[in-house]
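Student: would you be able to build a 3D model of this:
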Amino acid sequence: MRHILLLSLAGVALQAQTPATPAQMQDPDRFEKVHEGVFGQKEDKAAAAVRLTETVAMKGAKAPAQPIARRNFIDNMIFSRIERDKVPHSPLATDEEFIRRVYLDAIGQLPAPAAVTSFVADKDPAKRDKVIDSLIGSDAFADHWSWYWGDLFRANQDFFGFYNRQWLKSDRPYNEVFFDIVTTMAKEAHSIPASGFYHGANYDAARALSPTDPDNYHLINRLDFLDEVTTDVTRVFLGMNTDCISCHNGAGHLNSVNLYLSHKTRADFASQAAFFGKMRLIIGWSDRVLNISDENSIFDNSGPGYNTKDDGPFYTPAENRFPRNGKTYEPAFLLTGEKPKPGENPRWALGRIAPEHIQFSRAAVNLVWGRLMTVGFVDPYDSFDLDRLDPKNPPPAPWTIQPTNPELLDALAQDFKSHNFSIQTLMKTIMKSSAYQLSTQFEGEWKDSYVPYYSRRFARVMTGPEAADAIAAATNRPYQFTLRGTTVSKVQELAIPESVSSARAADGRNEGVMVSAILQAFFQSKRQTPATLGNTASSIQAMLMMVSPAVTNRVSAVPGSRLATLLESGKTDAQILDELWLASLARRPTEGEANAAKHLVARDRKTGFEDVQWALLNSPEFLVNH
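Tutor: The predicted model follows:
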């Protein structure tokens with residue numbers, strides 16, 4: 001049984017991967033290919049999501065065919081387009097399918113069996129809206145989504161993770177979050193949480209980690225740091241990867257990759273970076289050793305501006321980029337050329353100017369839509385081409401309009417801005433739409449040309465924190481993590497990936513390495529590089545789920561586990577099977593699944609149920625949010 005399930009999961013992984021063709025492998029090394037790797041993606045994310053969805057579409061009862069209610073402007077735009085072009089679509093998800101999806105999307109956790117059964121039994125027509133409202137804004141919601149933004153922001157300090165959790169919990173306007181980050185400043189020895197955004201750029205720009213003279217600022221390349229900061233800001237908050245134009249002009253390099261950026265120059269990038277020109281990084285020191293991970297790093301506004309000739313006492317010549325031209329640049333917003341007002345602090349000006357541009361809202365909406373709907377309007381999230389967004393002003397051939405649904409993208413962006421940049425309102429608007437609540441099941445032949453219509457739900461592989469927490473929840477064998485002197489039981493209650501190493505099992509075993517391996521197999525980075533936000537099933541995931549002690553130890557019927565409690569409860573075999581399925585998959589077993597499980601249990605009740613628990617954790621359906 002276990003070997004059969006391993007092959008099943010490995011099969012999903014193989015179907016989700018697209019090997020390179022001989023022609024691709026023999027392709028000469030051309031600079032266009034280098035830039036495609038930076039700005040584009042090597043596989044069609046939407047096509048991969050379709051393959052995954054076709055494999056794991058929910059089993060069991062199907063929702064009855066019924067007219068789809070148009071519940072908000074998202075539905076009006078999605079289903080009007082579907083009807084106009086005569087594209088078939090899925091029915092609404094069943095209650096079982098919906099409750100598992102919404103829990104994973106909103107809080108990154110599986111619903112408890114009692115939550116599933118009570119939701120299915122509830123006859124209130126507004127029950128879906130009510131459960132969404134109960135989850136969005138909860139502590140678990142803040143825990144879950146702080147990991148998402150932590151990956152985007154490369155948050156590698158607890159204090160920055162806590163900051164992300166708080167703004168998500170309180171629904172702080174996203175433009176204010178941006179303002180906090182770009183204007184962060186501390187004096188003397190005091191730091192503020194938003195300064196954690198700069199750790200990644202600091203890591204990339206430091207020339208040495210163990211200087212003997214803590215006053216030797218020539219070890220720090222301040223301009224490289226400012227360039228890294230600028231690429232991080234434009235990537236996350238504007239959805240644009242400006243890395244290439246930080247080295248050279250776009251013309252002749254980006255012509256086949258990004259039409260808008262092909263018209264931008266290195267001087268345009270330098271003017272954007274100049275918003276940070278007066279920002280001076282003062283490194284935190286520990287025992288006279290440069291410690292870029294230290295939480296005492298501080299910033300002030302005493303820098304000399306963006307002067308590429310003389311930045312003393314800091315090191316000036318570019319190390320990460322082509323040589324600089326010795327000029328001084330004044331701040332000007334990359335998208336409009338707007339400059340700070342007379343006397344206005346440049347970073348404060350950037351905090352004001354960027355959110356006023358619709359691209360700020362487009363980038364935010366695209367991040368949330370891509371996570372909730374699996375396929376973003378623009379993928380990858382940092383590949384926006386501003387010359388390919390307007391259907392009324394199409395680009396010259398062979399270029400095409402970039403977003404899957406440009407009208408809906410802009411409508412959501414305008415709605416986001418009109419609701420005071422509320423991330424919670426944006427999420428509720430999407431999740432309460434019928435478009436979000438469609439089933440993965442699809443009658444008839446699916447065509448990849450249907451992808452931009454969002455006419456079905458696309459599945460996504462769980463993230464590392466989701467997968468690790470789901471294993472513990474399904475078996476009722478929580479972890480024990482140490483967080484600032486307290487003990488927490490879920491990965492997503494932690495602030496940063498590094499804290500996972502402290503994990504212990506209920507019997508005291510150190511299992512931090514095992515849990516960390518699960519996170520890495522499901523593409524959880526250490527946040528030293530920009531987030532990829534992929535959606536890939538792999539054979540490594542399958543093999544690790546089969547052999548990792550973090551899994552195999554949890555399927556045993558030891559005291560306190562879900563299985564041991566059920567075996568001691570006096571429940572029938574059928575009742576136990578129902579609860580195991582509900583705890584793992586949020587549904588009861590099909591007749592075929594129940595019969596196969598009963599054969600295992602008939603041979604040896606305890607061992608048979610342990611095998612069933614193992615098989616459920618290793619099923620493709622368990623590891624996928626559908």
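
Student: mind saving the C-alpha coords of stretch 483-496 as CSV?
Tutor: Provided in CSV are the C-alpha atoms of stretch 483-496 (Å, rounded to 0.1, in the frame of the first residue of the first chain):
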residue,chain,number,x,y,z
LEU,A,483,10.3,31.4,20.2
ARG,A,484,11.8,34.1,22.3
GLY,A,485,11.5,32.0,25.4
THR,A,486,8.0,30.7,24.7
THR,A,487,6.8,27.4,23.2
VAL,A,488,4.6,27.3,20.1
SER,A,489,3.3,24.3,18.2
LYS,A,490,3.1,25.4,14.6
VAL,A,491,5.7,26.4,12.0
GLN,A,492,3.6,29.4,11.0
GLU,A,493,3.5,30.7,14.6
LEU,A,494,7.3,31.4,14.1
ALA,A,495,8.6,34.6,12.6
ILE,A,496,11.5,33.3,10.4
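
Student: tell me which residues in it are buried?
Tutor: Buried residues in stretch 483-496, counted by 16 or more other CB atoms under 10 Å: 488, 490, 491, 492, 493, 494, 495, 496. Using the backbone N, CA and C atoms, a C-beta is placed for each residue, glycine as well.

Student: and the residue nearest to residue 504 when sequence neighbours are not counted, what does it touch?
Tutor: Setting aside the residues directly before and after it, residue 504 is nearest to residue 480 in space (CB to CB, 6 or more residues apart in numbering), at 4.5 Å. Residues in contact with residue 480 (CB atoms under 8 Å, 6 or more residues apart in numbering) are 487, 489, 503, 504, 505, 506.

Student: bridging residues for the fourth one?
Tutor: Spelled out, that is residue 504. Beta bridges link residue 504 to residue 480, residue 510, judged by DSSP bridges.

Student: so what's it up against?
Tutor: Contacts for residue 504 were tallied using CB under 8 Å, 6+ apart; they are 479, 480, 481, 510, 511, 512.

Student: any idea of the pLDDT on it?
Tutor: Note for residue 504: predicted pLDDT of 82.

Student: ok, now the first one?
Tutor: With respect to pLDDT, residue 487 has a value of 87.

Student: so which strand or helix has it?
Tutor: Take DSSP states H and E as the rule and residue 487 turns out to sit in strand 486-488.

Student: now for the helix or strand just after that strand, which elements pack on it?
Tutor: Using DSSP H and E, the helix or strand that follows strand 486-488 towards the C-terminus is helix 512-521. When contacts are defined as 3 or more CB pairs under 8 Å, 6 or more residues apart in numbering; DSSP states H and E, helix 512-521 packs onto helix 464-475, helix 539-547, helix 549-552.

Student: now do the last one: which elements does it pack against?
Tutor: Based on contacts counted as 3+ CB pairs under 8 Å, 6+ apart, the elements that helix 549-552 packs against are helix 464-475, helix 512-521, helix 605-617.

Student: make it 7 Å
Tutor: helix 512-521 (3 or more CB pairs under 7 Å, 6 or more residues apart in numbering; DSSP states H and E).

Student: repeat that for the longest one.
Tutor: When contacts are defined as 3+ CB pairs under 7 Å, 6+ apart, helix 464-475 packs onto helix 512-521, helix 605-617.

Student: how about 6 Å then?
Tutor: In terms of contacts (3 or more CB pairs under 6 Å, 6 or more residues apart in numbering; DSSP states H and E), helix 464-475 is packed against helix 512-521.

Student: buried stuff in the helix it packs on?
Tutor: Using 16+ other CB under 10 Å as the burial criterion, the residues of helix 512-521 that qualify are 512, 514, 515, 516, 517, 518, 519, 520, 521.

Student: count the residues that sit near the nearest residue to residue 475 once chain neighbours are set aside.
Tutor: Among residues not flanking residue 475 along the chain, residue 554 sits closest, at 4.1 Å (CB to CB, 6+ apart). Number of residues near residue 554 (other CB atoms under 10 Å) recorded here: 25.

Student: give me the phi and psi angles of residue 554.
Tutor: Here is the backbone geometry of residue 554 (degrees, to the nearest 10): phi -90, psi -10.

Student: thought it was touching residue 477?
Tutor: Yes - counting by CB atoms under 6 Å, residue 477 is a contact partner of residue 554 at 4.4 Å.

Student: touching, residue 91 and residue 437? I think so.
Tutor: No - with contact defined as CB under 6 Å, residue 91 does not count as touching residue 437 (9.9 Å).

Student: compare those two (neighbour count), which wins?
Tutor: residue 437 (24 against 18).

Student: what about residue 123, distance to residue 582?
Tutor: In this view, residue 123 and residue 582 are 20 Å apart by CB to CB, to the nearest Å.

Student: check residue 406 too.
Tutor: From residue 406 across to residue 582, the span is 41 Å (CB to CB).

Student: repeat that for residue 48.
Tutor: Distance, residue 48 to residue 582, by CB to CB: 29 Å.

Student: and for residue 233, the neighbour number?
Tutor: Other residues close to residue 233 by other CB under 10 Å number 23.

Student: just the helices in the stretch 1-150 of the chain please.
Tutor: Assigned by DSSP state H, counting those that start in this stretch, the stretch 1-150 of the chain shows helices spanning 2-15, 22-25, 31-39, 45-56, 73-84, 95-107, 113-121, 127-135, 139-153.

Student: buried residues, the longest one. List them.
Tutor: Of the residues in helix 139-153, those with enough neighbours to count as buried (16+ other CB under 10 Å) are 140-153.

Student: just to revisit the earlier point, between residue 123 and residue 582, which one's more packed in?
Tutor: Neighbour count, other CB under 10 Å: between residue 123 and residue 582, residue 582 has more, with 24 against 5.

Student: so where does that one fall, helix or strand?
Tutor: helix 573-585.

Student: quick one: mean pLDDT for that helix?
Tutor: 97.

Student: tell me which strands and helices the very next helix or strand once past it is in contact with?
Tutor: Later in the chain than helix 573-585, the nearest helix or strand by DSSP H and E is helix 591-603. If you count contacts as 3+ CB pairs under 6 Å, 6+ apart, helix 591-603 packs onto helix 573-585, helix 605-617.

Student: closest to residue 400 out of those?
Tutor: helix 573-585 (39.6 Å; CB to CB).

Student: quick one: that closest one to helix 95-107, angle?
Tutor: Relative orientation of helix 573-585 versus helix 95-107 (axes from the mean of the first three to the mean of the last three CA atoms, to 10 degrees): 40 degrees.

Student: what helices or strands is helix 573-585 leaning on?
Tutor: Looks like helix 573-585 contacts helix 113-121, helix 591-603 (3+ CB pairs under 6 Å, 6+ apart).

Student: now it: buried residues?
Tutor: Using 16+ other CB under 10 Å as the test for burial, helix 573-585 gives 573, 576, 577, 578, 579, 580, 581, 582, 583, 584, 585.

Student: the fifth one against residue 113, yeah?
Tutor: Yes - Residue 579 sits in contact with residue 113 when judged by CB under 6 Å, with a separation of 5.3 Å.

Student: quick revisit: can you put the helices and strands packed on helix 591-603 in CSV and add distance to residue 185?
Tutor: Listed next are these as CSV, based on distance: least, CB to CB, whole Å:
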stretch, distance to residue 185
helix 573-585, 48
helix 605-617, 48
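
Student: closest one to residue 390 among these?
Tutor: Per CB to CB, nearest to residue 390 of those: helix 573-585, 43.3 Å.

Student: hmm, who's touching that closest one?
Tutor: Identification of contacts with helix 573-585 by CB atoms under 6 Å, 6 or more residues apart in numbering yields 113, 116, 474, 566, 588, 589, 594, 597, 601, 616, 621, 622.

Student: going through those, which ones are buried?
Tutor: For those, a burial check counting by 16+ other CB under 10 Å picks out 113, 116, 474, 566, 588, 589, 597, 601, 616, 621, 622.

Student: residue 475 versus the last one, what's the distance?
Tutor: Put plainly, it is residue 622. Taking CB to CB, one finds residue 622 at 11 Å from residue 475.
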